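1. just to be clear, the model below is a prediction. Sequence and coordinates:
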Amino acid sequence: MLAIIAATLVLTTVVGGLITAFWIEGRLGLHDPTSDRAMHLELLIRLGSPVSAESS
């Protein structure tokens with residue numbers, strides 16, 4: 001019985017930590033793929049490289 005309670009506590013802590021981490025990332029706008037992609041496309045356009053239809 002103690003093992004079940006301990007396992008539940010550990011899993012709850014892990015899930016809570018993951019939820020908190022993703023919430024902080026979303027709240028602060030970290031790892032926003034749209035801004036990274038826009039910056040990359042702008043660099044390609046400035047360098048004069050053709051951008052394929054797949055990357056747009």
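-> All right, it came through fine. Residues are numbered from 1 along each chain as shown.
2. give the contact list for Leu30.
-> Neighbouring residues of Leu30 by Cβ atoms under 8 Å, 6 or more residues apart in numbering: Ile24. C-beta here means a position set from N, CA and C on the backbone, and glycine is covered the same way.
3. pLDDT value on it, please?
-> The confidence metric pLDDT takes the value 72 at Leu30.
4. next: Leu9.
-> Turning to Leu9, the model gives it a pLDDT of 97.
5. ok, how many other residues are close to it?
-> Other residues within reach of Leu9 by the criterion other Cβ atoms under 10 Å amount to 10.
6. just Leu41 next, same as before
-> When counting by other Cβ under 10 Å, one arrives at 14 neighbours for Leu41.
7. and the gap between it and Leu47?
-> With distances defined as Cβ to Cβ, to the nearest Å, the gap from Leu41 to Leu47 amounts to 11 Å.
8. before we move on, what about Met1?
-> In this structure, Met1 and Leu47 are 65 Å apart, going by Cβ to Cβ.
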